[in-house]
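S.K.: sequence? don't have it. structure:
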């Protein structure tokens, strides 16, 4: 049986001091056959040089897409996923450059995606006994409010839309969902799920039965996050707009 090639998209903005070179090199081996597409979102530090060095260390496995100016995480992810769709990947995912979800967990998600018929697989930060989910109380509770609003806006029983570890099978719905820039800068993860569940006419939607949230065993906040408290407010406004758009679309 052919093993699906997985392509990881990693958006980067001023990550020169946080990027774990060894961990990303190991990821390409642990998830093989796999590739990593780094999208430099107009970084102002030495990020691009570091990414180019990584690409030279793994030619054919690591690729760098350099955006001329900062366009935000949503567009960086979209551009990276479009590049992945142009290649051989049967499964396309994205993750955060700080590797808050460690490589071992990313590999576990890949194995689950490959061994199932799921079209959407989301890592989920659920604080359970026996799990090591290290998240500040403030971010946890703000996240729970946001996630509840996201679930209501989507009409889907999703627990954690914002975890930076997601995998998608190559489908017509995914290609359609990435065809246009996201309207939301702060809640694009939610918008992507909404586009997959409610695609344009003529495109088969992704059924809820083919979406799955997998509770992570390990996840930790990494110092240096660029997430500003105002982002939660802006994200909330984006959710309201997306909810209205979804209802009108139905």
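M.R.: Received it, and whenever you're ready, just let me know what you need. These numbers come from a predicted model, not from an experiment.
S.K.: State the helix or strand in which the residue nearest to the spatial centre of the chain lies.
M.R.: Against the mean C-alpha coordinate of the chain, by CA atoms, centre = their mean, the closest residue is residue 94 at 3.5 Å. Here residue 94 sits within strand 91-95, counting by DSSP states H and E.
S.K.: Next secondary structure after that strand?
M.R.: As assigned by DSSP H and E, the chain's next helix or strand after strand 91-95 is helix 103-114.
S.K.: Just give me how far that following helix sits from the chain centre.
M.R.: 14 Å (CA atoms, centre = their mean, to the nearest Å).
S.K.: helices and strands around the next helix or strand after that helix, which ones?
M.R.: Per DSSP H and E, the first helix or strand lying C-terminal to helix 103-114 is strand 120-124. Using 3 or more CB pairs under 8 Å, 6 or more residues apart in numbering; DSSP states H and E as the contact test, the elements touching strand 120-124 are helix 103-114, strand 165-169, strand 211-215. (Each C-beta comes from the backbone N, C-alpha and C, glycine too.)
S.K.: contacting residues around the last one?
M.R.: In this structure, residues lying in contact with strand 211-215 by CB atoms under 8 Å, 6 or more residues apart in numbering are 109, 112, 116, 118-126, 128, 131, 156, 158-160, 193.
S.K.: Over to the longest one?
M.R.: In this structure, residues lying in contact with helix 103-114 by CB under 8 Å, 6+ apart are 3-4, 6, 8, 23, 26-27, 30-31, 34, 91, 93, 95, 118, 121, 123, 165, 167, 169, 214, 216-219.
S.K.: so how many other residues sit close to the nearest residue to residue 78 once chain neighbours are set aside?
M.R.: Closest residue to residue 78 apart from its sequence neighbours, by CB to CB, 6 or more residues apart in numbering: residue 178 at 5.5 Å. Using other CB atoms under 10 Å, residue 178 has 21 neighbouring residues.
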